[in-house]
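J.: Next come a sequence and a model predicted from it.
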Amino acid sequence: MTRYFEYGTDAVDYLKAKDKKLGAAIDAVGVVRREMDEDDLFSAIVHQIIGQQISTAAQATIWNRMRERLGEVTPSAVCAATEEGLQSCGITFTKARYIKSCAEKVASGQFDLDAVREMDDAEAIAALSSLEGVGVWTAEMLLLFCLGRPDILSYGDLAIHRGMRMVYHHRKVTREMFERYRRRYSPYGSVASLYLWAISSMNVPGYDRDFAPKKARVAKKGKLGDGAVGAKG
């Protein structure tokens, strides 16, 4: 059954009251229905590692192939598979090694996934990003799209930066500016993220210009986070 990120009018009303420019963008976009990731955290970690720097379609193909071959994507099933067997699903050897390492740590009790669910956002991000193949951006996406955390706004996501440039007409979003927006959106940073991703697609009437210098846009194109979330599901 497909899960969607849930948010209510309280979040929308709060963001619109706090930020008129974002409020106008919210009105232009309308309701955002974004699919969530796997509700099992281990499966979601594997799914996110598979999807790094590849298309949504390729991720789905590899994920389905892995589920068919393993039965269920669980720590024990992954531990029982070889790295070569995982690689044969269509992933790189490096990704296979990352997935295998994660499974072994979870299966041995070295890494406690249940404990992560009880941590605050900063603690959970630090814990998840200690795993091989899981950086800060991936950890943040796990918090948002697996655990449904309400206040995630990723500085490492280039599509978020593009959305901010388009909404606020900035040539560049500095860290200081980003943190100011983060504080303004809190405690509904995740909902703000959904709308900034929607705006960054350039498919929203009235929001069709990225104010970054052209050279900067070309240089950033295709890097991790640049539409990887904004374009998926």
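T.: Thanks, I have the structure now. Numbering: from 1, shown residues only.

J.: contacting residues for Ser108?
T.: Residues near Ser108 by C-beta atoms under 8 Å, 6 or more residues apart in numbering: none. All C-beta spots, glycine's among them, are computed from the backbone N, C-alpha and C.

J.: Please write out the alpha-carbon positions of the host helix or strand of Ala107 in CSV.
T.: Secondary structure from DSSP states H and E places Ala107 in helix 93-108. C-alpha atoms of helix 93-108 as CSV (Å, rounded to 0.1, in the frame of the first residue of the first chain):
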residue,chain,number,x,y,z
PHE,A,93,30.2,-3.4,-6.3
THR,A,94,30.6,-0.4,-4.0
LYS,A,95,26.9,-0.2,-3.4
ALA,A,96,26.7,-3.9,-2.8
ARG,A,97,29.5,-3.6,-0.2
TYR,A,98,27.7,-0.7,1.5
ILE,A,99,24.4,-2.7,1.7
LYS,A,100,26.2,-5.8,3.0
SER,A,101,28.0,-3.8,5.6
CYS,A,102,24.8,-2.2,6.8
ALA,A,103,23.1,-5.6,7.0
GLU,A,104,25.9,-7.1,9.0
LYS,A,105,26.0,-4.3,11.5
VAL,A,106,22.2,-4.5,12.0
ALA,A,107,22.1,-8.3,12.2
SER,A,108,25.0,-8.3,14.8
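
J.: pull the helix or strand with minimum mean pLDDT from this structure.
T.: Counting by mean pLDDT, DSSP states H and E, the chain has its least confident helix or strand at helix 214-220, which shows a mean of 61.

J.: can you give me how far the one helix or strand Ile125 maps to is from the chain middle?
T.: Element membership of Ile125 [criterion: DSSP H and E] is helix 121-128. With C-alpha atoms, centre = their mean, to the nearest Å as the basis, helix 121-128 stands 14 Å off its chain's centre.

J.: Give the other helices and strands that that helix contacts.
T.: helix 113-118, helix 136-145 (3 or more C-beta pairs under 8 Å, 6 or more residues apart in numbering; DSSP states H and E).

J.: And it, what's buried?
T.: Asp121, Ala124, Ile125, Ala127, Leu128 (16 or more other C-beta atoms under 10 Å).
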